[in-house]
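Engineer: Got a predicted structure plus its sequence, pasted below:
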Amino acid sequence: MPSVTEKEGLSKKTESSSPAPLRILVVDDEINIRKTLIVCLESDGHHVTAVGQPRDALSEASRRSFDLAFVDIRLGTEDGLDLVPVLLATAPWLKIIIITAYASIDSAIEAMRRGATDYIPKPFTPAQIQLAVRKAFEMRTLEQRIAGLQEDLGRAHPEIDFTSAHAAMQRAVNLARQAAASEATILLRGESGTGKTMLARAIHSWSRRAEKPMGVVSCPSFSRDLLESELFGHVKGAFTGAVRDQPGRIAACEGGTLFLDEISDLPLSLQPKLLRFVQEKEYERIGEAIPRKADVRLIAATNIDLEAAVKDGRFREDLFYRINVIQVEIPPLRQRPEDIVGLAERLLVFHGRANHRHNLSFTAEARDALRRYAWPGNVRELSNVVERAAILGRGDRIGVESLPAVLAPLDASPKIGDPVTLERIEEEHVRRVLAGAKSLQEAADILGIDQATLWRRRKKYGV
């Protein structure tokens, strides 16, 4: 009997802070060991499921997701090490700790080779168990953060602080912040490019689930069969090409958030399956009849009128009401012109840094052009325009000539007699001469100034 049974030891905490509550599976054929681990782990706030046989462990792992498993190396007549790769095939993120009364270097090496993350000999103490749990928790947290960072780097999107001077946008952001603290399903509505994905990520970061994974699935990006597998997963042999088990995004987001972008494109045949998950937190993988549970918060987004889709029979009414618990409407950019320049300037800083250009700024004419444009593509279009300007602009000052023609048409240049300053006329003249001259000396000769003066003009106007 391990010393962890000592009552005083069970209540003792380590000095460092305990990890967040974990779902832990204990597999040991000795009932006293199981009870001991249950008491030790539950006293630290963890949720424990304990079984004595490998088949029961696999049955439990097929129904719910676990963060950590303690597996005895000898389970009656069976080898606990054989269970390790099978559990990992079901849940690749699972951390497995081998416990044994027959510790040896060879068995420890073999355990690690098969995928275990730690190895504890019996008898063990509460401090050893707590340390092993903490190490596993820190390893899993680090993996999740790395995965999130890799996903962010792949998208290379700027951080948006949602600062707004527009009342409707302020209401939307405030509502999203309030809703983030709850567990309610949220429906984000707005035109394409308004920033629904960025707001969904912000909601996740504001929520109690921020340290857990967030998955993003764009419903129009997948065929019906691929979307079902992406969401719910599949088992090996479920269909042609299914050469291994695939857990699916729902399982990968355990404890976190799943964002379904453009949910209106979810095929009708998949909508009942999603409805079941939203209502009961239960689903099944393709090719498997075993119901699984998952603790995942859902955020959905759409750019169409879902009520009209319900009337047309393209979207289930019961699913609509289930996902429309809290609705956040994001106004299009054209309705909040007071936000355009500030947002463009923040995007210019981001895209400037990404292209190794610092201290970029817009001229007054460029800011006016940005403000006047209707932005049918919303924030996404604005970001693309600013990125283009950050790349193509010649100097630190981004003028209208670095903007697309749709924002700054050719006839927008000032003419003699227009109500503009002499400086503006001079800037336009210098720009045009430089654009047409074969060399700086030729441009200086045309302008009637020396090269040093031309250099100062270029620096002044950002040419």
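Structural biologist: Arrived safely.
Engineer: Flag every buried residue along stretch 191-202.
Structural biologist: Going by neighbour count (16 or more other CB atoms under 10 Å), the buried part of stretch 191-202 is Glu191, Gly193, Thr194, Gly195, Lys196, Thr197, Met198, Leu199, Ala200, Arg201, Ala202. All C-beta atoms are positioned from the backbone trio N, CA, C, and that covers glycine.
Engineer: does the last one really touch Ala176, like I thought?
Structural biologist: Yes. When contacts are counted by CB atoms under 8 Å, Ala202 is listed as touching Ala176 (6.9 Å).
Engineer: Which parts of the stretch 251-400 of the chain are strands?
Structural biologist: Applying DSSP state E, counting those that start in this stretch to the stretch 251-400 of the chain gives strands spanning 257-261, 282-283, 292-293, 297-302, 326-329, 361-362, 397-398.
Engineer: picking that back up, dump the buried residues of stretch 191-202 into a markdown table; add secondary structure, distance to Leu370 and pLDDT as well.
Structural biologist: Output for those, formatted as a markdown table (DSSP: H, G, I helix; E, B strand; the rest coil; distance: CB to CB, whole Å; pLDDT from 0 to 100):
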| residue | secondary structure | distance to Leu370 | pLDDT |
| --- | --- | --- | --- |
| Glu191 | coil | 18 | 91 |
| Gly193 | coil | 15 | 90 |
| Thr194 | coil | 17 | 92 |
| Gly195 | coil | 17 | 91 |
| Lys196 | helix | 22 | 94 |
| Thr197 | helix | 23 | 93 |
| Met198 | helix | 19 | 92 |
| Leu199 | helix | 22 | 95 |
| Ala200 | helix | 26 | 95 |
| Arg201 | helix | 25 | 93 |
| Ala202 | helix | 24 | 93 |
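Engineer: which one of those residues is nearest Ala405?
Structural biologist: Gly193 (20.2 Å; CB to CB).
Engineer: quick one: contacts for that closest one?
Structural biologist: For Gly193, the contacting residues are Gly377, Asn378, Val379, Arg380, Glu381, by CB atoms under 8 Å, 6 or more residues apart in numbering.
Engineer: From Phe70, how far out is the fourth one?
Structural biologist: Noted for Arg380: a distance of 48 Å to Phe70, by CB to CB, to the nearest Å.
Engineer: so what does the longest helix seen in the chain touch, helix or strand wise?
Structural biologist: Once the chain is assigned using DSSP state H, the helix that runs over the most residues is helix 126-155. Here helix 126-155 touches helix 31-42, strand 68-72, strand 95-100, strand 118-121, going by 3 or more CB pairs under 8 Å, 6 or more residues apart in numbering; DSSP states H and E.
Engineer: how does it look with 6 Å?
Structural biologist: Judged by 3 or more CB pairs under 6 Å, 6 or more residues apart in numbering; DSSP states H and E, helix 126-155 is in contact with strand 95-100, strand 118-121.
Engineer: which residues touch the first one?
Structural biologist: Residues from elsewhere that reach strand 95-100 (CB atoms under 6 Å, 6 or more residues apart in numbering): 68-73, 84, 111, 116-120, 132, 136, 140.
Engineer: C-terminal to that strand, what's the next element?
Structural biologist: Note on strand 95-100: by DSSP states H and E, the next helix or strand toward the C-terminus is helix 105-114.
Engineer: For Glu329, report the pLDDT, please.
Structural biologist: Glu329 is assigned a predicted lDDT (pLDDT) of 96.
Engineer: Which residue, other than its chain neighbours, is closest to it?
Structural biologist: Once its chain neighbours are removed from consideration, Glu329 has its nearest residue in Arg189; the separation is 5.0 Å (CB to CB, 6 or more residues apart in numbering).
Engineer: The one you found bridge partners, please.
Structural biologist: Counting by DSSP bridges, Arg189 is bridged to Thr302, Glu329.
Engineer: hmm, back to that, report the distance from the longest helix of the chain to the chain centre.
Structural biologist: Shown here is helix 126-155, whose average C-alpha point lies 16 Å from the average C-alpha point of the whole chain (CA atoms, centre = their mean, to the nearest Å).
Engineer: which residues does Glu42 contact?
Structural biologist: The neighbours of Glu42, taking CB under 6 Å, 6+ apart as the test, are Val48.
Engineer: And the helices in the stretch 301-450 of the chain?
Structural biologist: For the stretch 301-450 of the chain, the helices identified by DSSP state H, counting those that start in this stretch occupy 306-311, 317-323, 337-354, 364-372, 378-392, 422-436, 440-447, in order along the chain.
Engineer: I'd like to know which of those lies nearest to His46.
Structural biologist: Judged by CB to CB, the one of the helices of the stretch 301-450 of the chain that comes nearest to His46 is helix 317-323, at 30.9 Å.
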